[in-house]
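Colleague: give me coordinates for this.
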Amino acid sequence: MGDCFNRLVVRVEEMRESCKILRQCFQQIPKGEDYQVKVPKKIRPPVGDVYVRTESTRGDLGVYLASDGSDKPYRVKFRTGSFTAMSIIEKISRGMMVADLIAFIASLDVVAPEIDR
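Modeller: The predicted structure is shown next:
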């Protein structure tokens, strides 16, 4: 399961690896080209529903969209990494002292506005 310090070590290693990846990307970008793309102001998804899962800064980001064919979705739901991380706290934190619980939650790197559902 690991503890708070182990999660800190992993986070530091992730940052180092991310910097390496960014340096490689910057070296491969051709010089002098424009990379701006025009995006339509309104998108009309087809009728139906779809769930898409992608990687975000704090874990998986899931988006559910239900469309009736108009430019405004019938229903949109987001499931963020912070929301998912908060779901494991009750199981893992049994028997912890309050001071340890604060450090434990901080080590999960949650963003409070993301967990408000």
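Colleague: how long is stretch 29-37 from one end to the other?
Modeller: End-to-end distance of stretch 29-37 (Cα to Cα, to the nearest Å): 16 Å.
Colleague: backbone phi and psi for the spatially most central residue of the chain, please?
Modeller: Closest to where the C-alpha atoms of the chain average out (Cα atoms, centre = their mean) is S56, at 3.2 Å. Per-residue torsions, S56: phi -130, psi -170 (degrees, to the nearest 10).
Colleague: give the contact list for it.
Modeller: By Cβ atoms under 8 Å, 6 or more residues apart in numbering, S56 lies in contact with 80-81. In short, each C-beta sits where N, CA and C put it, glycine included.
Colleague: how near is it to C4?
Modeller: 22 Å (Cβ to Cβ, to the nearest Å).
Colleague: same check, this time on V50
Modeller: Counting by Cβ to Cβ, the separation of V50 from C4 is 37 Å.
Colleague: who has more neighbours, the two?
Modeller: C4 (14 against 11; other Cβ atoms under 10 Å).
Colleague: ok, that one - contacts?
Modeller: Here C4 is in contact with 103-104, 106-107 (Cβ under 8 Å, 6+ apart).
Colleague: at 6 Å what do you get?
Modeller: 103, 107 (Cβ atoms under 6 Å, 6 or more residues apart in numbering).
Colleague: is it true that Y51 lies in a strand?
Modeller: Yes - under DSSP: H, G, I helix; E, B strand; the rest coil, Y51 sits within a strand.
Colleague: which residues does it contact?
Modeller: Applying Cβ under 6 Å, 6+ apart, we find Y51 in contact with Y64.
Colleague: okay, now the unreliable bits of this structure?
Modeller: Flagging of the chain using pLDDT under 70 yields the residue ranges 1-2, 117.
Colleague: okay, strands next: where are they in it?
Modeller: 48-56, 59-67, 75-79 (DSSP state E).
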